[in-house]
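In: Curious how this folds, go ahead:
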Amino acid sequence: MVKARTSAAELVETGHVRVNGVREKSPGHAIKIGDVLTIALDRTVRVLKVTAFNERRGDAASARVLYEELSEGNPSSRPD
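Out: Just a heads-up that it's a prediction; the model follows:
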């Protein structure tokens, strides 16, 4: 969602992240498979379900397979 860990920590500390509907204030909070994250970014809100973890940190493309987008605006959830 963001490029740097410091930016991610700032989102959490400023109250822009919810884990399973509860506002999270600790950047070190453990996330597990099945958790639903709600992230307020700029003028959008993204809702993501954690589906897997990587053993190593990777690029954005490899991260995209680790979650399922649940947001209303998700193009893959729109009917054809």
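In: CA atoms for contacts and neighbours, from now on please.
Out: Will do.
In: List the buried residues for the helix ranked longest in the chain?
Out: In the chain, assigned by DSSP state H, the helix with the most residues is helix 5-13. Buried residues in helix 5-13, counted by 16 or more other Cα atoms under 10 Å: 8-9, 11-12.
In: what does that helix rub up against?
Out: 1-2, 17, 24-27 (Cα atoms under 8 Å, 6 or more residues apart in numbering).
In: Sort out which of these are in strands and list them.
Out: Those of the contacts of helix 5-13 mapping onto strands are Val17, per DSSP state E.
In: and which of the contacts of helix 5-13 is nearest Thr51?
Out: Met1 (15.5 Å; Cα to Cα).
In: That closest one: neighbouring residues, count only.
Out: 11 (other Cα atoms under 10 Å).
In: Any figure for the gap between it and Ser7?
Out: Applying Cα to Cα, to the nearest Å, the value for Met1 to Ser7 is 9 Å.
In: and what of Asp59?
Out: Asp59 is 16 Å from Ser7, by Cα to Cα.
In: Kindly report the same for Ala30.
Out: Using Cα to Cα, Ala30 is found at 17 Å from Ser7.
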